[in-house]
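Asker: What follows is a predicted protein model with its sequence.
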Amino acid sequence: MAEKITLKKDTQSIDLEIKDATVGPSVIDLKSLYPDTGYFTFDPSYSTTASCESKITYIDGVKGILEYRGYPIEQLAEKSTYLEVAYLLFNGELPSSNIALDEFRSEVKQNMTLPENMDVIFSGFGKEAHPMAMLTTAVAALSGSYHEGIDIRDKEHQKEFFFNVLGKMPILVANVFNHNQKNANVEYDESLSYSENILRLFFGWKDGYEINPILSKALDILLILHADHEQNCSTSSVRLTGSSGTNPYAAIAAGVAALWGPAHGGANEAVVRMFGEIGSKDNISKFIDKAKDKNDPFRLMGFGHRVYKNYDPRATIIRSQCHKVLESTGNDSNPMFELALKLEEIALNDDYFVKRNLYPNVDFYSGLIYKAMDIPKEMFTAMFALARTVGWATHWCEMMSNPKHRIGRPRQLYLGEKKRDYIPINDR
Ligand code: ACO
C-alpha cells in the first residue's frame with residue numbers, strides 16, 4: 001500500500017498519496033487537493049513541483065549528481081560519444097553493438113538536409129540578426145514543411161520526428177553561423193564524427209582548414225554535457241507547448257526561445273560579455289562588490305544554479321577540457337582567459353559566494369572553449385541548443401508516449417480586483 005500524508009485544517013483532513021521515485025525525492029500526489037479542499041498549491045517558479053513522470057535524466061543538486069538513463073555524466077563524458085549518448089537518451093539503453101550505433105548514425109545522417117524553402121528564411125534576416133532569433137525562426141519554419149500527415153501519438157512518427165530534428169539541427173546552426181558568408185556550403189563527411197562534422201560545416205570552407213582533434217573532442221564532450229538536464233526551463237517549455245498537441249517542431253522552437261535567456265542558455269554568451277565589461281584583472285573586485293550589492297541588478301554570470309547547490313558536475317568535467325583547449329590554441333596567456341581564471345579563484349574564496357553555494361556552472365567554461373574555437377559569442381547559445389535538441393526531442397517523445405498525458409495548465413493565486421460593475425466612460 002502506498003504511504004499517505006495527511007493534511008489537516010480545522011476539522012477537515014485529507015490523505016494525499018506519496019509516490020516513490022526510483023532514486024531521489026518522493027512526491028506528494030496533489031491531484032485530489034483542489035477537488036477535495038478547494039485549495040491550489042503555490043510554487044511560482046516550480047522549485048518544488050514535479051511536473052511529470054520521466055525516466056530520462058536524474059539530478060541530485062545537493063550531491064552534484066547528473067545521470068542520463070542511470071549512467072553518471074562523468075563516465076559518459078570520458079568514455080562515450082555524443083551520438084551514442086543521443087542513442088542512450090532516446091532508446092533508454094546503450095547500443096548493444098557497433099551495428100546498432102551505425103544504424104542510428106545513418107538515420108541521423110539521412111536527415112541532414114534542409115527543405116528547399118529554408119534559404120529564404122535565412123536570407124530574410126539582416127546581417128546583424130542575433131543567431132538565436134534566426135535559429136528560433138528556422139526551427140519553427142520546419143513545421144511548415146512537416147505538418148500534414150504527422151500523427152503525434154504514433155511511435156513511428158515520433159521516431160521520424162526525432163531523427164529529423166537531430167539531423168537538421170547541425171545544418172540549421174551551420175547556416176546561422178555562416179549567415180554572412182557566401183559560398184560556405186560544406187557537405188557532411190561520412191568518415192567524420194558528429195562533432196568533427198560540426199566544425200567542418202562551420203569552418204571547412206576556409207582554405208587549408210584542418211580539424212584540431214583536441215577541439216573536436218572538447219566539442220563532443222560539451223555536447224554530451226548539454227544533451228539533457230531534466231525539467232529545466234527550455235525542456236519544460238517544450239513539454240508545456242507540446243502538451244497542447246501542437247506541431248513538434250513548433251514545440252522545439254519554444255524550447256530554443258526559452259534557452260535564449262541569460263538566466264538559462266544565454267548565460268554562456270553573458271559570461272563572455274561580462275569578461276569584456278570587467279576588462280582587466282584590476283577591476284575584478286569592483287565587479288564582485290557589484291554582484292554582492294542587493295541594490296545592483298548585476299550578477300556574476302556563470303555562477304550559481306537553480307538545482308546545483310554544490311559544484312555543477314558538468315563544470316568539473318569541462319574545466320579540464322577548457323585548459324586543454326586553451327593550451328592547444330595558444331590562448332592560455334590570452335588576457336581574457338587569465339581574467340576568467342582569476343575571477344573564478346576569487347569568487348570561489350569569497351564568503352558571499354561560498355555561503356550561498358554559488359559555484360561556477362558549466363556555462364562559465366563553455367563560452368571560453370567556444371571562444372578559443374573561434375566561435376563568436378553570439379553563437380554560444382545556438383551551440384547549446386544544438387546539444388540540447390536531443391533532450392528536448394526525447395522529452396517530447398516520452399510525453400507523447402504517455403497515454404495519461406493531458407494539456408499542461410497551471411493555475412494562479414489571483415490578487416487582482418474583486419468583481420465590479422462597468423461604468424460608461426462619461427460617468428467615470
Ligand atoms: N551572482 C550574485 N549573486 C547571486 C548569483 C550570481 N550569479 N546567483 C545567485 N545569487 C544570490 C541571490 O542574489 C540570492 O542571494 P540572497 O539569498 O542574499 O537573496 C542567492 O544567491 C540565491 O539566488 P536565487 O536567485 O534564489 O537562485 P535561483 O536558483 O533563483 O537562480 C540562477 C539560479 C538563475 C542560475 C542564478 O544563480 C543566476 O542568475 N546566475 C547567473 C546566470 C547563470 O549563470 N545562468 C546559467 C545557469 S546554468 C544553465 O542554465 C545551463
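Answerer: Nice, I can see it.
Asker: what's the helix or strand of the chain with the lowest mean pLDDT packed up against?
Answerer: For the chain, using mean pLDDT, DSSP states H and E, the weakest element among its helices and strands is helix 335-349, scoring a mean of 86. Judged by 3 or more CB pairs under 8 Å, 6 or more residues apart in numbering; DSSP states H and E, helix 335-349 is in contact with helix 267-278, helix 284-292, helix 362-372. All C-beta spots, glycine's among them, are computed from the backbone N, C-alpha and C.
Asker: Not including adjacent chain positions, what is the nearest residue to the residue in the chain that the ligand sits nearest to?
Answerer: The nearest approach of the chain to the ligand comes at residue 304, 2.4 Å away (CB to the nearest ligand atom). In space, and not counting its chain neighbours, residue 304 is closest to residue 358: 4.4 Å by CB to CB, 6 or more residues apart in numbering.
Asker: and the one you found, helix, strand or coil?
Answerer: coil (DSSP: H, G, I helix; E, B strand; the rest coil).
Asker: How many residues are close by it?
Answerer: Look at residue 358: counted by other CB atoms under 10 Å, it has 20 neighbours.
Asker: about what we covered before: which of the helices and strands packed on helix 335-349 sits closest to residue 167?
Answerer: Nearest to residue 167, of all the helices and strands packed on helix 335-349, is helix 362-372, at 22.3 Å by CB to CB.
Asker: re the thing from before, what's the residue nearest to residue 304 in contact with, if anything?
Answerer: 300, 303, 304, 347, 352 (CB atoms under 8 Å, 6 or more residues apart in numbering).
Asker: Please report the distance of it from residue 33.
Answerer: In this view, residue 358 and residue 33 are 34 Å apart by CB to CB, to the nearest Å.
Asker: can you check residue 126 too?
Answerer: 50 Å.
Asker: what about the two, which has more around it?
Answerer: Per other CB under 10 Å, whichever of residue 126 and residue 33 has more neighbours is residue 33, with 16 against 8.
Asker: nearest spatial neighbour of that one, skipping sequence neighbours?
Answerer: Residue 33's closest residue in space is residue 39 (CB to CB, 6+ apart), at 6.0 Å.
Asker: residues near residue 74, how many?
Answerer: 15.
Asker: For the stretch 151-300 of the chain, what lies in contact range of the ligand?
Answerer: 263, 264, 265, 267, 291, 299, 300 (CB under 6 Å from any ligand atom).
Asker: Quick one, which of those residues has the minimum pLDDT?
Answerer: Least confident by pLDDT among those: that is residue 267, with 86.
Asker: Strands of the chain, start to end?
Answerer: Remark: strands assigned in the chain by DSSP state E are 4-9, 12-19, 27-28, 57-60, 65-68, 71-72.
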